[in-house]
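> Generate a structure from the sequence data that follows.
(chains A and B)
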There are 2 protein chains.
Amino acid sequence: MTALTSATAAPEVLGRCRTLVRPALREAVGRMHPWVGEMAAYSFGWCEVGGGPTLAPGGKGLRQALAVLGAEAAGAPGPAGVPAAVAVELVHTFSLLHDDIMDGDAARRRRPTVWKAYGTGPAVLAGDALFALAVETLAATPTGPGALRLLSVALGDLVRGQADDLLFATRPWTGPRRVRPGEYRTMAEHKTGALLGCAAALGALLGGAPPAVVSAFDRAGRHLGIAFQVVDDVLGIWGDPAVTGKPVHGDLREGKKTFPVLAALDSTGPVAGRLAAVLEGAGEPEEAAALIDETGGRAAALAETRRHVAAVESAIADVPIVAGAADDLRSLLDFLVRRDL
Amino acid sequence: MTALTSATAAPEVLGRCRTLVRPALREAVGRMHPWVGEMAAYSFGWCEVGGGPTLAPGGKGLRQALAVLGAEAAGAPGPAGVPAAVAVELVHTFSLLHDDIMDGDAARRRRPTVWKAYGTGPAVLAGDALFALAVETLAATPTGPGALRLLSVALGDLVRGQADDLLFATRPWTGPRRVRPGEYRTMAEHKTGALLGCAAALGALLGGAPPAVVSAFDRAGRHLGIAFQVVDDVLGIWGDPAVTGKPVHGDLREGKKTFPVLAALDSTGPVAGRLAAVLEGAGEPEEAAALIDETGGRAAALAETRRHVAAVESAIADVPIVAGAADDLRSLLDFLVRRDL
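Now for the predicted structure:
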């Protein structure tokens, strides 16, 4: 899709950053109330329920990597970005814990979610504790008020995006109250893009970058978030379940308002009408997938992704950043949005 | 209990501060996502479910008053403390929303709690949004990193206190795993005192107070929190239901680990043994109340309250503060801990 070349493979970049951040992240979680800290460690994939050892995989660590690379892009050594990396990973984990409660999701990374394993009340508390720890981590960093202002904007957007996402589920497929692709874009920017942008921007800020670089990184992360979400939607309909780990047509079966569906329904004509009928229960997910393709929903999603990837690249290209970090950032971008499209 | 004289009655002090803070608090809540903002407004007592007008009473507004008085005590005009007042009220409301979920409480101030009225998921989200807005409010204030450091410590303590309080319920009345009065003191300081201390200290900080005043106010608020909780416990057992609005012996019926009970069980001898048996189900709450009194649990609670009230007074007396504000602070203290003991 893009003509990027990767100096270092993305998994290596992610692994290097995880290794750099892990001691500080473990130290921060170690300062939590022991009971709450166990829930945090469980959700990071560091232990099983009860605190015993585990072979569970953690997350990719995308946000911590963006923070480290943000600092390096500003010419600072990677460790300069570590407090930012810790803060954004804590916020990300907080949002997973609470979103799983709101969405009623019982499994994440092939394990029970925290609310399933520990109960809803404790999971609410563990999320709150992670949130508080993120603020504390940044407040303890001698960086001035800019860092916390960046984080607080991302936190507000995160909640706003989750609110819109929950409300989308209550709206009809057709008619004036239907969800338009533009609303989806705003939701994805808030729910996913804001924290990605915050990660890179905070890392750059702690690395001493000038304001233009900080805001370019924030913008880049927001576009990356939209691109990532739309790619996820495409894979959720047409991806190989063996690769994605998700059931075939799961998003369609659950009636999720994903970008390809919304773009398809935003077209007019009889095919869109038939698609709406299928989504409302008058047909099978296979037919819905075919109709979305036929009305151009898949093509619109791919075009949307390309637009946001181009916006990420132009945001980064417009500001002076260190070459090695730029290569690593491009390698991540390539990894995240190309995948198996 | 104390020899305080009140220049202005506490309800007037609270009312004056609420009037001063209300526009900024409404403005902050008005910036929230509309759906989430309605839940916030409902919990402030500004509207009914659906957004319609209400006659519901709000809270006393103790925390906002402490923030305003903190600024005035530093010689600044009250409005200097308003951002602190908004932040601590938002944090307090966040904690009420989430605690009601964790505790399974269905009613607050004679109305359904937010999770009862709107659902658990939405209530989790509304709490998160209030939390994020509190951080944003302070981050937007040009005060340097000290303000957010104060808030973040209070947030961490708040969560720690709630975790301990939840765990107390799972522990036995007797034996080595019983809850000791000292553990209760720490829990109450974290769960209630930390935010009261933060309110007064933040107000003082925004009012330009020197560090010694800021930390004296933080300390005073923490002692006030413990005193307030213990008074609440005493009223929960021996208070007049017509005044407290709580059912007679409600705390004993629910098996709550309150200070008078823990102090009574920490004494030795046959009466403490009989009390444990009654609490474990072998008797009525009336008998438990009499046994707590007999073993000195009530006297211990009153002595505990007096100690912390004295600590509040000495913390305030040790630092230079403006006389009018000091009178108002003493009037609040009197109102909160004397009540109907």
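> Run through chain A and note the low-pLDDT ranges.
Using pLDDT under 70 as the threshold, the predicted model of chain A has low-confidence ranges A:1-7, A:144, A:339-341.
> Please report how far the residue lying farthest from the centre of chain A lies from A:Arg180.
The C-alpha centroid of chain A is most remote from A:Pro270, which lies 35.1 Å away (CA atoms, centre = their mean). Counting by CB to CB, to the nearest Å, the gap between A:Pro270 and A:Arg180 amounts to 20 Å. From N, CA and C alone the C-beta is placed, and that goes for glycine too.
> just A:Pro241 next, same as before
Relative to A:Arg180, A:Pro241 is positioned 30 Å away (CB to CB).
> cool, A:Ile226 as well?
With distances defined as CB to CB, the gap from A:Ile226 to A:Arg180 amounts to 15 Å.
> With neighbour numbers in mind, choose between these two.
Per other CB atoms under 10 Å in any protein chain shown, whichever of A:Ile226 and A:Arg180 has more neighbours is A:Ile226, with 28 against 12.
> Establish whether the helix or strand containing the more buried one and chain B are in contact.
Using DSSP states H and E, A:Ile226 falls within helix A:211-238. No. For a cut-off given as CB under 8 Å from any CB of the partner chain, helix A:211-238 has no contacts with chain B; the smallest distance is 15.1 Å.
> wait, what's in contact with the residue of the stretch 201-341 of chain A found nearest chain B?
Taking CB to the nearest CB as the measure, the stretch 201-341 of chain A has A:Leu202 as its residue closest to chain B, at 12.8 Å. With contact set as CB atoms under 8 Å, 6 or more residues apart in numbering or on different chains, A:Leu202 has these partners: A:67, A:70, A:81, A:84, A:87-88, A:138, A:147, A:150-151.
> secondary structure class for the residue sitting nearest the centre point of chain A?
Closest to where the C-alpha atoms of chain A average out (CA atoms, centre = their mean) is A:Thr192, at 4.2 Å. In the three-state summary, A:Thr192 is assigned as helix, counting by DSSP: H, G, I helix; E, B strand; the rest coil.
> wait, isn't it in contact with A:Asp165?
No. In this structure A:Thr192 lies outside contact range of A:Asp165 using CB atoms under 8 Å: 10.0 Å.
> in the stretch 101-250 of chain A, which spans are helices?
In the stretch 101-250 of chain A, the helices defined using DSSP state H, counting those that start in this stretch lie at A:114-118, A:120-139, A:145-168, A:181-188, A:194-206, A:211-238, A:241-244, A:250-253.
> Report whether stretch A:111-124 contacts chain B.
Yes. On the criterion CB under 8 Å from any CB, stretch A:111-124 is in touch with chain B at A:120-122, A:124.
> List the buried residues for stretch A:238-255?
Of the residues in stretch A:238-255, those scored as buried under the neighbour-count criterion (16 or more other CB atoms under 10 Å in any protein chain shown) are A:238-239, A:244, A:248-249, A:251-252.
> Actually, stretch A:135-149.
Buried positions in stretch A:135-149, judged by neighbour count with 16+ other CB under 10 Å: A:135-139, A:141, A:143, A:145, A:147-149.
> can you tell me which of those residues are up against chain B?
Residues shared between the buried residues of stretch A:135-149 and the neighbourhood of chain B are A:135-136, A:138-139, A:143, A:145, A:148-149 [CB under 8 Å from any CB].
> Which members of those are the farthest-apart pair?
A:Glu136 and A:Arg149 (16.1 Å; CB to CB).
> distance between the ends of stretch A:23-37?
15 Å (CA to CA, to the nearest Å).
> Show me which positions of that stretch end up buried.
Judged by neighbour count using 16+ other CB under 10 Å, the buried positions of stretch A:23-37 are A:24-25, A:28-29, A:32-33, A:35-37.
> Would you convert those residues into JSON lines that also reports secondary structure and distance to chain B?
Compiled in JSON lines, these are given as follows (DSSP: H, G, I helix; E, B strand; the rest coil; distance: CB to the nearest CB, whole Å):
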{"residue": "A:Ala24", "secondary structure": "helix", "distance to chain B": "17"}
{"residue": "A:Leu25", "secondary structure": "helix", "distance to chain B": "16"}
{"residue": "A:Ala28", "secondary structure": "helix", "distance to chain B": "11"}
{"residue": "A:Val29", "secondary structure": "helix", "distance to chain B": "13"}
{"residue": "A:Met32", "secondary structure": "coil", "distance to chain B": "8"}
{"residue": "A:His33", "secondary structure": "coil", "distance to chain B": "4"}
{"residue": "A:Trp35", "secondary structure": "helix", "distance to chain B": "6"}
{"residue": "A:Val36", "secondary structure": "helix", "distance to chain B": "5"}
{"residue": "A:Gly37", "secondary structure": "helix", "distance to chain B": "10"}
